[in-house]
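1. Dropping the sequence and predicted coords here.
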Amino acid sequence: MMAISHVTIGTVGWATFAVYTGQPLQPETFSAAVLGSLAPDIDYPRSWIGRNLPFISRPLAKLVSHRGITHSSFALIAGGLLLYQWGYFAEGLLAAFLIGYLLHLLADWLTITGIPLLWPLRKRFKSPLRIRTGGMLEIYVVVLIIIGMLSAAGAIAAYPSC
């Protein structure tokens with residue numbers, strides 16, 4: 001998916017999670033969700049994050065393939081544990097980052113190429129509905145995902161005891 005799709009899904013997903021868990025919606029947590037939603041593409045120098053952090057992206061791209069390890073459950077878990085251990089993020093910021101990252105993986109699961117969820121195994125996991133990155137179907141799917149998440153957030157806010 002395109003960077004704007006990842007950012008949109010990541011931030012709305014974070015907001016939905018925050019409403020559900022009663023966490024405050026702050027600019028810092030939204031920034032962490034944006035960073036998390038873009039982070040898996042650091043392995044691709046032409047991505048938005050890759051263009052803005054070429055000193056990381058270019059060397060990394062020589063070591064790993066795009067949609068390889070950075071698009072796996074291993075990267076999500078190991079990265080989260082490292083960030084927690086190193087104390088880079090307060091609890092709410094880490095949660096926002098990880099939700100953005102997880103939703104990036106889920107969004108790319110919907111694409112034609114899928115993701116290597118169980119890296120280092122080579123199997124790519126793909127959704128039954130496979131969309132082409134940058135196509136009109138991507139826009140429709142993102143809109144439907146956003147409507148679903150906003151509906152969930154609204155229901156949670158309206159009926160918090162359920």
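-> In hand now; what should we look at?
2. tell me the contacts of residue 153?
-> By Cβ atoms under 8 Å, 6 or more residues apart in numbering, the contact list for residue 153 reads 15, 16, 19, 20. No exception for glycine: its C-beta is placed from N, CA and C like everyone else's.
3. Drop the exposed ones from those residues and show what's left.
-> Neighbour counting by 16 or more other Cβ atoms under 10 Å classes 15, 16, 19 among those as buried.
4. And the helix or strand hosting residue 96, what's buried?
-> Take DSSP states H and E as the rule and residue 96 turns out to sit in helix 91-109. If you call a residue buried by 16+ other Cβ under 10 Å, then helix 91-109 has these buried ones: 92-105, 107-109.
5. Which parts of this protein are helices?
-> 3-21, 27-38, 48-52, 54-63, 73-86, 91-109, 136-158 (DSSP state H).
6. Between those, which has the poorest mean confidence score?
-> Mean pLDDT is lowest for helix 136-158 out of those, coming in at a mean of 87.
7. got the helices of the chain as a markdown table, with distance to residue 120 columns?
-> What follows is those, written out as a markdown table (distance: least, Cβ to Cβ, whole Å):
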| stretch | distance to residue 120 |
| --- | --- |
| helix 3-21 | 24 |
| helix 27-38 | 23 |
| helix 48-52 | 22 |
| helix 54-63 | 14 |
| helix 73-86 | 8 |
| helix 91-109 | 16 |
| helix 136-158 | 28 |
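8. Looking at the contacts of residue 153, which one is closest to residue 68?
-> Checking these against residue 68 with Cβ to Cβ, the nearest one is residue 16 at 28.9 Å.
9. any idea how far residue 33 is from the closest one?
-> Residue 16 is 11 Å from residue 33, where distance means Cβ to Cβ, to the nearest Å.
10. next one: residue 42
-> Taking Cβ to Cβ, one finds residue 42 at 16 Å from residue 33.
11. and the two? which has more neighbours close in?
-> Shown here are residue 42 and residue 33; by other Cβ atoms under 10 Å, residue 33 has more neighbours (29 against 20).
12. Wait, the more buried one touches residue 99, no?
-> Yes. Using Cβ atoms under 8 Å, residue 33 is in contact with residue 99, at 6.2 Å.
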